Every structure is written in C-alpha cells, then in structure tokens.
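J.: Turn this into a structure:
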Amino acid sequence: MTKFSKKIRKAIFPVGGLGTRFLPATKSIPKEMLPVLDKPLVQYAVDEALEAGIEEFIFVTGRGKSAIENYFDHSIELESNLKDKNNLENLNLIQKTVLKPGSVSFVRQQRPLGLGHAVWCARNFISDEPVAVILADDLIEANPGCMKQMIENWDGGNMVATMNVEDKDTSSYGIITPGKIIRDKIEVRGYC
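T.: Here you go, the predicted structure:
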C-alpha cells in the first residue's frame, strides 16, 4: 500500500492511437495487439498493472481496436474446442487473458486527439480517485514492474516514469525538463 491515504485501484490504458510508428503492420492490426514473444503487447501492460495491485482496467479505444476488447473477453467457441480436444494447457492460457467480471471497461475516443484527450475520455470512470495511466506500447522490463515501483513510491501528487530517447526520436514522445533531484525522484519543471 502507498504512503498516501487513497490506494491506486484503477488504471487507464489509452489504446486508441493510430499506430503510425509501426506502419505498415498497424494498418490492420492494433499496435497493442502486436506480438512480443508469445503474447500481445497489451497483455504485458495488464500483467504489470495486476502485479501493482490494480483492480479496475479502463481501456480508451478507437476505430479498428475491437481486437483488444475481444482479446480480454471469453472466446466460447475456442474454449469449447480446446476443451473437447483435451488441450488443457492452451485452454488455461487463453482463460488467463480474461479479466475478472466487472473489472474492465471500454470507452471510445471518437477522434485521436492525443494522450491527454484519451485520459479525459475516461473521466467518468475515475471520480476523484488517484489513477494510473499505462501506455501499452511502451514495454519496460523491470523486476518488480515499473508500475509497482511507482505505486510503492507514490506519496500523492503526480508521478511519471521516463526513459531516455535518441535526439532524432524526440518528436515522437513527450519530453520533460528535469528540475531538482529529491532522493530518488526528479522534479519535472516543464513538459512539451
């Protein structure tokens, strides 16, 4: 549990973007569904959230993203087929992708107007609770996971995980201006 009085129970997954950095692969497949080893990118983000104790999952989707919603739902025909063939290993694998009933919501971002707008689209699911925002297209390998580390160190206010990017790639990311260092945290003076 965090040092702050309210626990972070909810996470927003902005998954409605156009995926232009991954073209042509993302012309027909959501970038969050691109496989990394044996599972789609979005599953790594959900696993990270589960490890951090997140209980409610809010996906902000857009056109052409129904594969994400289908992925986290039951596949009755496939499950039945695997059960009939006694393929219990694969049956167990796909059943693990189904989130707890009532813990997942999908909201549509009608137009891709950026990350801030995607978070705003989820506002009715949040109320006045603290919330995590997890970008499913940024895979961060850490043990414990990045979100768990952030929640364990959160003491109220805003917190953001950052990574170094090459100068040539800065136009594809939000860039911070660092301020003073306080223990293991760096104050953000500016953002563009």
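J.: Could you use CA atoms for every contact and neighbour count after this?
T.: Will do.
J.: Distance of Ile176 relative to Tyr191?
T.: From Ile176 over to Tyr191 the distance is 4 Å, taken as CA to CA, to the nearest Å.
J.: more crowded one of those two?
T.: Between Ile176 and Tyr191, counted using other CA atoms under 10 Å, Ile176 has the larger neighbour count: 14 against 9.
J.: In this protein, spot the helix with the most residues.
T.: For the chain, the longest helix by residue count, based on DSSP state H, is helix 41-51.
J.: looking only at pLDDT, what's the mean for that helix?
T.: For helix 41-51, the mean pLDDT works out to 95.
J.: what does stretch 86-94 give?
T.: The pLDDT scores in stretch 86-94 average 94.
J.: List the contacts of Met150.
T.: By CA atoms under 8 Å, 6 or more residues apart in numbering, the residues touching Met150 are Met159, Ala161.
J.: Look at it and give its secondary structure.
T.: Assigned with DSSP: H, G, I helix; E, B strand; the rest coil, Met150 falls in the helix class.
J.: quick one: it and Leu23, what's the gap?
T.: Applying CA to CA to Met150 and Leu23 gives a distance of 31 Å.
J.: ok, now Asn81?
T.: Asn81 is 34 Å from Leu23, by CA to CA.
J.: In a helix, Glu77, correct?
T.: Yes: per three-state DSSP, Glu77 lies within a helix segment.
J.: Please work out how many residues are found near it.
T.: When counting by other CA under 10 Å, one arrives at 9 neighbours for Glu77.
J.: Same check on Gly102?
T.: Per other CA under 10 Å, the neighbour tally for Gly102 reads 9.
J.: name the element it belongs to?
T.: Here Gly102, judged by DSSP states H and E, is contained in no helix and no strand.
J.: just Ile94 next, same as before
T.: helix 88-95.
J.: Now do the contacts for the nearest residue in space to Lys31 that is not next to it in sequence.
T.: Excluding its sequence neighbours, the residue lying closest to Lys31 (CA to CA, 6 or more residues apart in numbering) is Gly19, at 5.6 Å. Gly19 makes contact with Thr26, Lys27, Pro30, Lys31, according to CA under 8 Å, 6+ apart.
J.: Read off the pLDDT value for Gly19.
T.: 86.
J.: Check Cys146 too.
T.: At Cys146, the model reports a pLDDT of 90.
J.: repeat for Ile176
T.: pLDDT, Ile176: 83.
J.: need the contact list for it.
T.: Val188, Arg189, Gly190, Tyr191, Cys192.
J.: For my notes, confirm the third one occurs in a strand.
T.: Yes: checked against three-state DSSP, Gly190 lies within a strand.
J.: Show me what it bridges to in the sheet.
T.: Thr177 (DSSP bridges).
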